[in-house]
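*Asks:* the following block contains a protein sequence and its predicted model.
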Amino acid sequence: MKIIAAITFLILFVNIGLSQDLIEKRDGEKIEGKIIEITESSIKYKRKDQPNGPIRNIAVADVKLITYEDGSKERFVTVDSPKDEATPIQVENPQVVKRRGPDRIRNDKDRILGPGMFIEMLPGYANYDNGSTFNSNYGGLGIKFGNKWYFGKNEKYRPGIQMTWIRFGAYSTSLSPSDISKGYFSVLNLGFANAIKFKDKMGMEVNANIGPTILQPPIPGDDSGEFGLLYGLEVKYRLGRLALGIDFTRVEEQLGYGYGIGKGDAITTLSLSVGFKF
């Protein structure tokens, strides 16, 4: 469990560390970095590739849009300067740049077609068989988390990829934690992701994934363990961040170690998928 916790922390740290603010200039140039301060005339920031480097400045008049790491956006628009009532002469600068709105304009990213990190719980049924004579039924819980990325600009459907960083499951015949006898642990599952959008914040997903796993990892009183392959299919209904669906997964042993292990052992699970995408 300490190893799992460490890997989980590392992945979360990497995801957070990769988040950056994006400055889009009026000439089309894009700058990734960290916004430090915005004044009436300039924007202070640090470059992405120089996080410990100097604080740089860019004129507000040169900036069109800032997309912050949390997904919110702030636009900078030009407006005509008012004439000086004391004289008919127009002020030198016919246009000034103003931040649109009193503060940042929150722009929630597309929860259906946009990329994001996900975490899901998989309570359900599991069947274990050794490929020949032994077959038994279990119940338990699986957990997985990873990231999704979608491609294209279609507003109704986008294909993508899904990387499940860690996934594991634990099962018993009595649904008691003290009676866990079967399970699996898997990392770096890669798959296809398909997002279909019905309405704003409403849609569905159809995903498939595959990756390496350890079937029946060592547990107290059991020294066995089997290297194998995990593959599965999932269908989900999406409502904003929430995802509800069905997950079908099969974990097949490919190479055993320990004792009493024979190639062909497998766990087949049919689970309810309950999770969130951030």
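*Replies:* Received, thanks.
*Asks:* separation between residue 168 and residue 140?
*Replies:* 11 Å (CB to CB, to the nearest Å). (Glycine included, C-beta is placed from N, CA and C.)
*Asks:* gap between stretch 53-69 and the chain center?
*Replies:* Stretch 53-69 sits 27 Å away from the centroid of its parent chain (CA atoms, centre = their mean, to the nearest Å).
*Asks:* can you name the next helix or strand after whichever strand or helix holds residue 165?
*Replies:* Using DSSP states H and E, residue 165 sits in strand 157-172. Next along the chain after strand 157-172, taking DSSP H and E as the criterion, comes strand 180-199.
*Asks:* how far does the strand holding residue 165 sit from the chain's center?
*Replies:* Going by CA atoms, centre = their mean, where strand 157-172 is centred and where its chain is centred differ by 10 Å.
*Asks:* the inter-axis angle of that strand versus strand 180-199?
*Replies:* On the basis of axes from the mean of the first three to the mean of the last three CA atoms, to 10 degrees, strand 157-172 is oriented at 160 degrees to strand 180-199.
*Asks:* buried stuff in strand 157-172?
*Replies:* Residues 158, 160-162, 164-172 are the ones in strand 157-172 that count as buried (16 or more other CB atoms under 10 Å).
*Asks:* can you check stretch 37-46 too?
*Replies:* So for stretch 37-46, counting by 16+ other CB under 10 Å, buried means 38, 42-43, 45-46.
*Asks:* surely residue 69 is in a strand?
*Replies:* No. Assessed by DSSP: H, G, I helix; E, B strand; the rest coil, residue 69 does not belong to a strand; its assignment is coil.
*Asks:* that one and residue 20 touch, don't they?
*Replies:* Yes. At 6.0 Å, residue 69 and residue 20 qualify as touching, with contact defined as CB atoms under 8 Å.
*Asks:* so for the two, which sits in the more crowded spot?
*Replies:* Using other CB atoms under 10 Å as the criterion, residue 69 and residue 20 rank with residue 20 on top: 18 against 13.
*Asks:* nearest residue to that one in space, please, no chain neighbours.
*Replies:* Closest residue in space to residue 20, ignoring its immediate chain neighbours: residue 32 at 4.6 Å, by CB to CB, 6 or more residues apart in numbering.
*Asks:* quick one: contacts for the one you found?
*Replies:* Residue 32 sits next to 20-23, 47-48 when contact means CB atoms under 8 Å, 6 or more residues apart in numbering.
*Asks:* and of those residues, the nearest to residue 276?
*Replies:* residue 20 (23.1 Å; CB to CB).
*Asks:* circling back: between residue 168 and residue 140, which contacts overlap?
*Replies:* Common neighbours of residue 168 and residue 140 (CB under 8 Å, 6+ apart) are residue 183.
*Asks:* neighbours around residue 249, how many?
*Replies:* Count around residue 249 with other CB under 10 Å applied: 26.
*Asks:* not counting its neighbours along the chain, what's nearest it?
*Replies:* Closest to residue 249 by CB to CB, 6+ apart is residue 232, at 3.4 Å.
*Asks:* measure that neighbour to residue 70 for me?
*Replies:* 32 Å.
*Asks:* tell me which of these two has more neighbours.
*Replies:* Higher neighbour count among residue 232 and residue 70: residue 232, with 22 against 12, using other CB under 10 Å.
*Asks:* just want the most central residue of this structure.
*Replies:* For the chain, the residue sitting closest to the mean C-alpha position, by CA atoms, centre = their mean, is residue 117 at 1.4 Å.
*Asks:* check contacts around that one.
*Replies:* 15, 145-148, 277-278.
*Asks:* so where's the stretch 51-200 of the chain shaky on pLDDT?
*Replies:* The stretch 51-200 of the chain contains residues with pLDDT under 70 at 79-109, 131-135, 175-178.
*Asks:* picking that back up, which of the contacts of residue 32 fall within strands?
*Replies:* If you go by DSSP state E, the contacts of residue 32 have 21-23, 47 in strands.
*Asks:* kindly export stretch 241-250 (C-alpha atoms) in PDB.
*Replies:* Taking Å, rounded to 0.1, in the frame of the first residue of the first chain, the C-alpha atoms of stretch 241-250 are listed here in PDB:
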ATOM      1  CA  ARG A 241     -17.900  15.600 -13.900                       C
ATOM      2  CA  LEU A 242     -20.000  12.600 -12.800                       C
ATOM      3  CA  ALA A 243     -19.700   9.300 -14.800                       C
ATOM      4  CA  LEU A 244     -21.900   6.200 -14.300                       C
ATOM      5  CA  GLY A 245     -21.600   3.100 -16.300                       C
ATOM      6  CA  ILE A 246     -20.800  -0.600 -16.800                       C
ATOM      7  CA  ASP A 247     -17.200  -2.000 -16.900                       C
ATOM      8  CA  PHE A 248     -16.400  -5.400 -18.300                       C
ATOM      9  CA  THR A 249     -12.800  -6.500 -17.700                       C
ATOM     10  CA  ARG A 250     -10.800  -9.800 -18.100                       C
END
